[in-house]
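Engineer: Take this sequence and fold it.
(one chain, ligands or ions: 1)
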Amino acid sequence: MARDGVAVPPSEPQLDLALRPRRLDDFVGQRGVVLNLRTAIDAARMRGEALDHLLLSGLPGLGKTTLAEIVAAESGVGFHASSGPAIERPADLVGLLTALQPRDVLFIDEIHRLPRAVEEYLYSAMEDFSLVIMLDKGMNARSVPMQVNPFTLVGATTREGLLTDPFRARFGLHEKLEPYDTQDLRVVAARSARLLKLPMDDGAAEMLAQRARGTPRIVNRFVRRVRDFVQTSGATHADEALTATALARLGLDESGLLLHDRKLLTLLQRAGSIGMGLKSLAVGLGEDERTVEDVYEPFLIREGYMTRTPRGRMLTARGTELLGNSQTENRLTPDC
Ligand code: ADP
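Structural biologist: Numbering: from 1, shown residues only. Prediction:
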């Protein structure tokens, strides 16, 4: 890679792309999902048909986009990506659908955020690849039916519960990605380190895996930061001690919590038994509600530090114990 004759290092998004598995065989973990997709892809291929529409659900960073790309690659077809909020009107969808070659994959990220009018317009396209387009306006307006090439819609969502039943029912394949166990994340860490030409010992990979909240995207972020740290410290490889220092620099404490986790828990501690609504929590953290709900909370709930109740979000006994054990850190963030 060179700009004006000067070699430039790959950017973060380029590194992220470089770490993406391209084939089902390289996709670590999620064995049930991988097996089901392998069968469905092979069967569709033998029949010469487009793969059934596929709904992938799960928390951010678990591999939904990666799997959608893999589905296209394994099926030997083109991949087109968009997202729910980007498709504002049915006309935007017509543009996407008419550009598809036979059996192509159309990936729609955050599909739960598709406007209702677009969703309903998509129904007939999903069922029999037909569309009705409106030509002209007013007195001359007329609707014209048209066919698009058979395609596979791959929808990704962090909130499957927000999809309407008729929409969900139009996906023949539903796969849910769960957080990864430490063993699988260790494999992801070792693979990413190898791809980035970073010598890393097993203890370091294990440490990254344990602190990555079940999420490959977080493992990869850690690996990139550790690589920076190795490079700038003049070390030859990543061992446990160096990795621990790099993680501490990222703000990760011994319980695996980041600063924003502690802030969130401290806010809940202050609210006490009154509990706290999502809106106030988001304002208190200076974040948008979706990030709080989709990115921050799932880990804290899974670890048993907080809970969502009809009265609002609350700190659990485990959360109280955690904060009690680290009063110093709480005092360090008095205005959160
Ligand atoms: P999502 O779409 O669910 O938010 P992505 O597909 O963008 O997640 O995955 C985030 C990053 O994590 C990707 O760049 C990829 O490198 C990595 N990744 C995700 N799942 C896996 C996996 N099973 N094996 C290896 N790497 C993975």
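Engineer: For the strand or helix carrying L37, name the packing helices and strands.
Structural biologist: Element membership of L37 [criterion: DSSP states H and E] is helix 31-47. Packed against helix 31-47 by the contact rule (3 or more C-beta pairs under 8 Å, 6 or more residues apart in numbering; DSSP states H and E) you find helix 64-75, strand 173-176. Glycine gets a C-beta too; all of them are placed from N, C-alpha and C.
Engineer: 10 Å - rerun?
Structural biologist: Secondary-structure packing of helix 31-47 (3 or more C-beta pairs under 10 Å, 6 or more residues apart in numbering; DSSP states H and E): strand 54-57, helix 64-75, strand 152-157, strand 173-176.
Engineer: Torsion angles phi and psi at the residue nearest the centre of the chain?
Structural biologist: Centroid-nearest residue in the chain: P60, 2.6 Å away (criterion: C-alpha atoms, centre = their mean). Taking degrees, to the nearest 10, you get phi -60, psi 140 for the backbone angles of P60.
Engineer: got a list of what it touches?
Structural biologist: E110, A156, T158, T215, R217, I218, R290, T291, D294, V295, P298 (C-beta atoms under 10 Å, 6 or more residues apart in numbering).
Engineer: Identify the bridge partners of the second one.
Structural biologist: The bridge-partner assignment for A156, based on DSSP bridges, gives L56.
Engineer: which residues sit against the strand or helix carrying Y121?
Structural biologist: In this assignment (DSSP H and E), Y121 forms part of helix 116-128. With C-beta under 10 Å, 6+ apart as the test, helix 116-128 has contacts from 52-53, 84, 87-94, 96-97, 100, 106, 108, 111-112, 114-115, 130-133, 145, 147-148, 150-153, 155, 163-164, 166-167, 169-172.
Engineer: Same list (the helices and strands packed on helix 31-47) but as TSV, adding distance to M200, mean pLDDT and mean neighbour count.
Structural biologist: Shown next, in TSV, are the helices and strands packed on helix 31-47 (distance: least, C-beta to C-beta, whole Å; pLDDT from 0 to 100; neighbours: other C-beta atoms under 10 Å):
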stretch	distance to M200	mean pLDDT	mean neighbour count
strand 54-57	30	98	24
helix 64-75	21	96	21
strand 152-157	30	97	26
strand 173-176	31	97	16
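Engineer: Same list (those) but as JSON lines, adding distance to the ligand.
Structural biologist: Conversion of those to JSON lines gives the following (distance: least, C-beta to the nearest ligand atom, whole Å):
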{"stretch": "strand 54-57", "distance to the ligand": "8"}
{"stretch": "helix 64-75", "distance to the ligand": "3"}
{"stretch": "strand 152-157", "distance to the ligand": "6"}
{"stretch": "strand 173-176", "distance to the ligand": "11"}
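Engineer: which stretch among the ones you listed comes nearest D201?
Structural biologist: helix 64-75 (26.4 Å; C-beta to C-beta).
Engineer: Run the angle between the helix or strand that the closest one is followed by and strand 152-157 for me.
Structural biologist: With elements assigned by DSSP H and E, the helix or strand that comes after helix 64-75 is strand 79-83. Going by axes from the mean of the first three to the mean of the last three C-alpha atoms, to 10 degrees, strand 79-83 is angled at 40 degrees with respect to strand 152-157.
Engineer: Partner strands of strand 79-83 and their direction?
Structural biologist: Paired neighbours of strand 79-83 in the sheet (DSSP bridges): strand 105-109 (parallel).
Engineer: hmm, the partner strand touching the ligand?
Structural biologist: No - judged by C-beta under 6 Å from any ligand atom, strand 105-109 and the ligand are separated, with a smallest distance of 6.7 Å.
Engineer: One more: stretch 297-316?
Structural biologist: No - Stretch 297-316 does not reach the ligand (C-beta under 6 Å from any ligand atom); its nearest approach is 12.6 Å.
Engineer: Now the helix holding Y121: buried residues?
Structural biologist: V118, E119, Y121, L122, A125, M126 (16 or more other C-beta atoms under 10 Å).
Engineer: Any chance of a markdown table for those, columns pLDDT?
Structural biologist: As requested, the buried residues of helix 116-128 are exported to a markdown table (pLDDT from 0 to 100):
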| residue | pLDDT |
| --- | --- |
| V118 | 92 |
| E119 | 93 |
| Y121 | 89 |
| L122 | 93 |
| A125 | 94 |
| M126 | 96 |
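Engineer: Among the residues you listed, which one sits closest to L267?
Structural biologist: Closest to L267, out of all of the buried residues of helix 116-128 and judged by C-beta to C-beta, is E119, at 35.3 Å.
Engineer: And that closest one, how far from L153?
Structural biologist: According to C-beta to C-beta, to the nearest Å, E119 and L153 sit 11 Å apart.
Engineer: list residues touching both of these two?
Structural biologist: I111, R170.
Engineer: Only the buried residues of stretch 72-86, if you could.
Structural biologist: For stretch 72-86, using 16+ other C-beta under 10 Å, the buried residues are A72, A73, E74, S75, V77, F79, H80, A81, S82, G84.
Engineer: Kind regards, and thank you for your time.
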